[in-house]
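3D model of this:
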Amino acid sequence: MKIVLVGPYPPPIGGISIHMKRVARHLRIIGLECDIYDESNGNNRLEGVYPIRSYKYFILRFPFIRGNLFHFHSISKKIRIMLALFRIFGKKIILTIHGGSLMEQIEQSNRVVRFVLLRSLQSIDQILCVNEADTQQLLALGFSRDKVATLPAYVKPVESEQDDLEIPNEVTTFINESEFVITANGYIRFYQGQDLYGVDRLIYLLKELDDKGYEAHILFALLGVSDQSSEERQYYDDIKQRIKDQGVEGRFLFYEVQDTELYPLLKKSKLFIRPTLTDGYGVSIAEALACGIPSIASNVCSRPEGTIEYQVRNNEDLLHKVRDVMENYPVYKQKVLSLRNPDYLADLLTVYERIAGRRSLKSTRVIGQNGK
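All right, here's what the predicted structure looks like:
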């Protein structure tokens, strides 16, 4: 069986791109063919990874791409509208909905575009939503239950020593010299005029912890620096100045991620925080929990089991939850270690088998941590 994945692929690293990278690697380990069509047109030259170049070029090329099943991860409305066209060529089509992009596209489109988009999505074989809320919204729009399912996007990494070695020395030193490292990740982005990934809240948190005598350091793995708009770049500069003004410089580090994994940082951290204003699920939370790290996140969507949630936009509630974890760390650590490690690769393989009409996956072995 040959699986074709379509969407962003590293570099740059991001939630969707790392998901595609991991799925592709696991598929190849268990002996399945897998090609990737990279819509981010990154500078990688890996075998089996092809740049889309442009959507027009991809449409013309699509009928000639060989594969038993095509799994799209694109958040592009143009691609989603064209899925019905791809289905005409007799291809088996799956779309995973990451985050709230689809519902925003449906709500913000005019009547004609909305109709075409919905009809296109209804024509494909399967839609996978990373959270149940999106699944329920699609069902309410008239989608068939057998074509819509909830499947979180977390897939365990195939760990390697190289991933640790690629972490810059500056970051490793920051972690090693800190007694209690709090890790977060995300972009400099805006949502309804506010800091989407909550960097401003983390600065407030660190200052409050410092004032109350709690020793902590925050490492923020920052994605997409080279793609920042002028407005985002200005805000990033302002945020760095705010860190200096608050007197927490040296205890807050931005790590501008190029092409490195998150899990090596998490394994050396004490706590993970995801203070997003909106979200789809939070794959990085599942990653942290799988690494045995207590995790705190805003209550904006259904979070992985074991997540400690706080009231979104409520700085005091976030501070309270962080202080409680720090004061009772062994208890929270043990709770995380007792959780069932999430990994949805086996469920994804089951979907592939059902849609492709093949039984070849039942005898395959799903690879877990360290390739075992």
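
which residues in the stretch 201-350 of the chain form strands?
Using DSSP state E, counting those that start in this stretch, the strands assigned to the stretch 201-350 of the chain run over residues 217-222, 252-256, 271-274, 295-298, 308-310.

I'd like those strands as a markdown table, with distance to residue 203 appended.
Heads up, the C-betas are built off the backbone N, CA and C, glycines and all. Formatted as a markdown table, those follow (distance: least, C-beta to C-beta, whole Å):
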| stretch | distance to residue 203 |
| --- | --- |
| strand 217-222 | 8 |
| strand 252-256 | 7 |
| strand 271-274 | 12 |
| strand 295-298 | 16 |
| strand 308-310 | 16 |
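
okay, the ones you listed in TSV with mean pLDDT, distance to residue 316 and mean neighbour count next?
Shown next, in TSV, are the strands of the stretch 201-350 of the chain (pLDDT from 0 to 100; distance: least, C-beta to C-beta, whole Å; neighbours: other C-beta atoms under 10 Å):
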stretch	mean pLDDT	distance to residue 316	mean neighbour count
strand 217-222	98	18	23
strand 252-256	97	20	19
strand 271-274	98	15	26
strand 295-298	98	14	26
strand 308-310	98	9	19
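
right, so of the ones you listed, which gets closest to residue 108?
Checking the strands of the stretch 201-350 of the chain against residue 108 by C-beta to C-beta gives strand 295-298 as the closest, at 23.1 Å.

which elements pack onto that closest one?
Strand 295-298 sits against strand 271-274, helix 283-290, strand 308-310, helix 315-327, with contacts defined as 3 or more C-beta pairs under 8 Å, 6 or more residues apart in numbering; DSSP states H and E.

CA atoms of that strand as PDB?
Taking C-alpha atoms only, strand 295-298 is exported to PDB below (Å, rounded to 0.1, in the frame of the first residue of the first chain):
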ATOM      1  CA  SER A 295       1.100  20.400  31.700                       C
ATOM      2  CA  ILE A 296      -1.100  23.400  32.100                       C
ATOM      3  CA  ALA A 297      -3.200  24.800  29.300                       C
ATOM      4  CA  SER A 298      -6.000  27.300  28.700                       C
END
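
can you list the strands that that strand pairs with?
Strand pairing for strand 295-298, using DSSP bridges, gives strand 271-274 (parallel), strand 308-310 (parallel).

redo the ones you listed as JSON lines? Include distance to residue 18.
Below are those laid out as JSON lines (distance: least, C-beta to C-beta, whole Å):
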{"stretch": "strand 271-274", "distance to residue 18": "15"}
{"stretch": "strand 308-310", "distance to residue 18": "24"}
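
identify whichever of the strands of the stretch 201-350 of the chain lies nearest to residue 343.
Evaluated with C-beta to C-beta, those place strand 295-298 nearest to residue 343, the distance being 16.1 Å.

show me the contact partners of the closest one.
With C-beta atoms under 8 Å, 6 or more residues apart in numbering as the test, strand 295-298 has contacts from 198, 271-277, 279, 282, 285, 288-289, 303-304, 306-313, 318, 321-322, 325, 336.

give me the buried subset of those.
Neighbour counting by 16 or more other C-beta atoms under 10 Å classes 198, 271-277, 279, 282, 285, 288-289, 303-304, 306-308, 310, 312, 318, 321-322, 325, 336 among these as buried.

so residue 182 touches residue 217, yeah?
Yes - counting by C-beta atoms under 8 Å, residue 182 does reach residue 217; the two are 6.9 Å apart.

ok, residue 148 - contacts?
By C-beta under 8 Å, 6+ apart, the neighbours of residue 148 are 126, 127, 129, 135, 138, 139.

what about those, which are in strands?
Mapping the contacts of residue 148 onto strands (DSSP state E) picks out 126, 127, 129.

packing partners for the strand or helix carrying residue 133?
Using DSSP states H and E, residue 133 sits within helix 132-140. Other elements packing on helix 132-140 under the criterion 3+ C-beta pairs under 8 Å, 6+ apart are helix 101-108, strand 126-129, strand 148-150.

quick one, which of these is nearest to residue 227?
Nearest of the helices and strands packed on helix 132-140 (C-beta to C-beta): helix 101-108, 16.9 Å.

quick one, that closest one and helix 132-140 angle?
50 degrees (axes from the mean of the first three to the mean of the last three C-alpha atoms, to 10 degrees).

what pLDDT does the closest residue to residue 164 other than its chain neighbours get?
Of all residues not flanking residue 164 in the chain, residue 264 sits nearest, at 4.7 Å (C-beta to C-beta, 6 or more residues apart in numbering). At residue 264, the predicted lDDT confidence score is 96.

over to residue 54?
pLDDT at residue 54 comes out at 85.

try the one 4 residues further on
At residue 58 the predicted local distance difference test score is 88.

so which helix or strand of this protein has the lowest pLDDT on average?
The helix or strand of the chain with the poorest confidence is helix 55-61; it has a mean of 87 (mean pLDDT, DSSP states H and E).

buried residues, that one. List them.
residue 58.

mind checking what helix or strand follows that helix in sequence?
strand 69-72.

one step back: which one of the helices and strands packed on helix 132-140 is the most hemmed in?
strand 126-129 (a mean of 23; mean count of other C-beta atoms under 10 Å).

just the mean pLDDT for that strand, thanks.
Mean predicted confidence for strand 126-129 is 96.

list the helices and strands it packs on?
Contact here means 3+ C-beta pairs under 8 Å, 6+ apart; on that basis strand 126-129 packs against strand 93-97, helix 132-140, strand 148-150, helix 345-356.

partners of the shortest one in the sheet?
So that's strand 148-150. strand 126-129 (parallel).

picking up where we left off before, nearest to residue 15, of the helices and strands packed on strand 295-298?
helix 283-290 (5.2 Å).
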